[in-house]
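**Student:** My questions are about this predicted structure, shown below with the sequence.
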Amino acid sequence: MSATCAILAALVPLLATADAAKAQAEEPVPVTFARAGGKATVTIPAVNLPSMTLALRAYGRVWTTADARDQGNRNVFVATFAVPAVRVPVVFSVTHEHLEKPELAQVVAHPDRDVPWNEEAKKDGQDKPVKKITLYAAGAPEWFNQWSAAVGLPVRQVDPADMQPVALDADGTYPPTLLVVGRTTAGKAPADAAKLAVEKKLSVLILEAAWFGPAGDKVAVAPRQMQADLAEMAAQSWPRLLEFSYRQTPCGGIMNRWRWIADGDNLPLVEEVRLADVDQRTREQQRTPPGQRVVTSYLPWHERLGRSESADALLLALLKAAAQPRPELRWRMAELVWPLEPEVFAAERPVLRAALDAWPLIGDVPAQLDVLDLRGPNSPPLNLKKKLKDTEGTVERTVEHGDRTGLLILGDDKVLDEWRWLKLDRAKKTVGRQGVAWLSDDKLPPSKDNQVRLMLTLTELGVPLAPPAGEKEKRQ
């Protein structure tokens, strides 16, 4: 063999290695969470490397090495590393011993100590300690199982079919209990998760589900975006935002929704969802102890955990908040100012129709929310002015008796300019009158995002929504 041929022959495997490494770099690398002093088993796609000894790198040096083993189908290799001791979470890169780049995988090592959980605390200055939170997982994403073990969370792996319903405590309330689920256990629709929560008398946190919306663009999270049961975190100051490469869009379907973390468009990144017909069919059921939650998270937490103290703290806060039984709800019913109820069809106004259809499920609730729907091309008739004047008085009385909103305006119309007491600001799309809320989008039928916004608004204003199945049954 000539010298040139010998050189070319020697370069072929190296070129193949470089091509494989380049292809690997274009895809997100696998991430494994582990605890210092333990073992980290890393799975990587098969690549054409001159040898299969891999290195664990950080801070410009190799900390340890491991040989990758073929799993038999030659599609993946597995290597088990001894995790070095660390004082703070450290991200190690898994590389080939002869190549510093690209990364084949990452190991996020957490210190060998447990995060605070169920620590004894006093509540409201009383001697009674805060109830301990029980954590279960069933089919949760692998990253959650790894991370929870790495940080020392007391999570018990279970099969929901084998679980007994959580029993009431001596004080007649349910102890805080959370089941974390993923794609295989979240069911085919939100109703499946809701049924699981009701049957087992515990709250459910869904980290992955087939019924989540499609993946969206990158998103950043800051403390000011915290709402509802995470609202206490809104006053925090983080050194930097939590940036995620994508987010799942909110799940479809008509249901009550509470934003826990909102994006820049005020759509949920984490939300609590509730179907009105799950456990509210009668007033007697409304008098049962505070119920269980179903919380959905649309964020890829594994991208930030261990890399940001804020990410770990936020997920821990989410677990604690989701585990707490939901307080009793104060429902009120939607009362149309305009249009007339027979003119509200699900094809054009699906969410508003769901609010009107909730009456048979919830029962006769004396409190109400006036709704003026101006969406679409038709303006309200002239004889509506008298009714609008009466609505102004209703709003005034509502404000006098509390801080709840008395009127929700949907869409836009020139009639609003005549209604000067609203103190309308079209540029900012706001109203200055206390007790009035306004969603200015005027399209019919509304977009999916605006349907979600209306569901969120009605929920926050205390209006229950009947699911489509309830609507169909009522009309049969």
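**Tutor:** Looks like it came in fine. Being a predicted model, the structure only gives us computed values, none of them experimental.

**Student:** C-alpha only now, for contacts and for neighbours.
**Tutor:** Will do.

**Student:** Where do the helices of the chain begin and end?
**Tutor:** 3-25, 142-151, 190-200, 283-286, 309-323, 350-356, 359-362, 385-400, 415-418, 448-460, 468-475 (DSSP state H).

**Student:** got a list of what residue 314 touches?
**Tutor:** Residue 314 makes no contacts at all, as judged by Cα atoms under 8 Å, 6 or more residues apart in numbering.

**Student:** how many other residues sit next to residue 213?
**Tutor:** 14 (other Cα atoms under 10 Å).

**Student:** Equivalent analysis for residue 378, please.
**Tutor:** Residue 378: 8 neighbours (other Cα under 10 Å).

**Student:** shift numbering so it begins at 6
**Tutor:** Sure, I'll start numbering at 6, so the last one becomes residue 383.

**Student:** so how far is residue 455 from it?
**Tutor:** 20 Å (Cα to Cα, to the nearest Å).

**Student:** cool, residue 332 as well?
**Tutor:** From residue 332 across to residue 455, the span is 27 Å (Cα to Cα).

**Student:** More neighbours: which of the two?
**Tutor:** It is residue 455, of residue 332 and residue 455, that has more neighbours when counted by other Cα under 10 Å, with 17 against 11.

**Student:** and the residue lying closest to that one once chain neighbours are set aside, what is it in contact with?
**Tutor:** Leaving aside its chain neighbours, residue 455 sits nearest to residue 446 (7.7 Å; criterion: Cα to Cα, 6 or more residues apart in numbering). With contact taken as Cα under 8 Å, 6+ apart, residue 446 is in contact with 380, 415-417, 455.

**Student:** And those residues, which two are furthest apart?
**Tutor:** 417 and 455 (14.3 Å; Cα to Cα).

**Student:** Tell me where the stretch 156-305 of the chain is predicted with low confidence.
**Tutor:** Counting by pLDDT under 70, the stretch 156-305 of the chain contains low-confidence residues at 281-295.

**Student:** can you count the residues close to residue 164?
**Tutor:** With other Cα under 10 Å as criterion, residue 164 counts 12.

**Student:** same check, this time on the one 3 residues further on
**Tutor:** Applying the criterion other Cα under 10 Å, we find 7 residues in the vicinity of residue 167.

**Student:** likewise residue 156?
**Tutor:** 23.

**Student:** now do the one 3 residues further on
**Tutor:** Here the number of neighbours of residue 159 (other Cα under 10 Å) works out to 15.

**Student:** Contact partners for it?
**Tutor:** By Cα under 8 Å, 6+ apart, the neighbours of residue 159 are 139-140, 153.

**Student:** Domain parsing of the protein, as residue ranges.
**Tutor:** Structural domains assigned to the chain are 8-115, 139-328, 338-480, following automatic domain parsing.

**Student:** Select, out of those, the one closest to residue 122.
**Tutor:** The nearest among the domains of the chain, by Cα to Cα, is domain 139-328 at 7.2 Å.

**Student:** was I right about residue 107 contacting residue 60?
**Tutor:** No: if you go by Cα atoms under 8 Å, residue 107 and residue 60 don't touch, sitting 12.0 Å apart.

**Student:** tell me, what's touching these two both at once?
**Tutor:** In contact with both residue 107 and residue 60: residue 100, using Cα under 8 Å, 6+ apart.

**Student:** The two - which one has more neighbours?
**Tutor:** Using other Cα under 10 Å, the more surrounded residue of residue 107 and residue 60 is residue 60, with 24 against 19.

**Student:** wait, what's in contact with the nearest residue to the more buried one once chain neighbours are set aside?
**Tutor:** Spatial nearest neighbour of residue 60, chain neighbours left out: residue 70 (4.3 Å); criterion: Cα to Cα, 6+ apart. By Cα under 8 Å, 6+ apart, the residues touching residue 70 are 58-61, 86.

**Student:** beta partners of residue 441?
**Tutor:** Following DSSP bridges, residue 441 is listed with bridge partners residue 412.

**Student:** Distance to residue 122 for the domains of the chain - can I get that in a markdown table?
**Tutor:** Shown next, in a markdown table, are the domains of the chain (distance: least, Cα to Cα, whole Å):
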| stretch | distance to residue 122 |
| --- | --- |
| domain 8-115 | 16 |
| domain 139-328 | 7 |
| domain 338-480 | 30 |
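
**Student:** Next, the contact list for residue 50, please.
**Tutor:** 80-82.

**Student:** Narrow those residues to those that are buried.
**Tutor:** In the contacts of residue 50, burial by neighbour count holds for residue 82, counting by 16 or more other Cα atoms under 10 Å.

**Student:** If we only consider the contacts of residue 50, which is nearest to residue 249?
**Tutor:** residue 81 (26.5 Å).

**Student:** right, and that closest one touches residue 51 too?
**Tutor:** Yes: counting by Cα under 8 Å, residue 51 is a contact partner of residue 81 at 4.7 Å.

**Student:** Stretch 179-189: end-to-end distance?
**Tutor:** End-to-end for stretch 179-189, by Cα to Cα: 26 Å.

**Student:** Show me the contact partners of that stretch.
**Tutor:** 136-146, 171-174, 206-215, 294-295, 324, 327-330.
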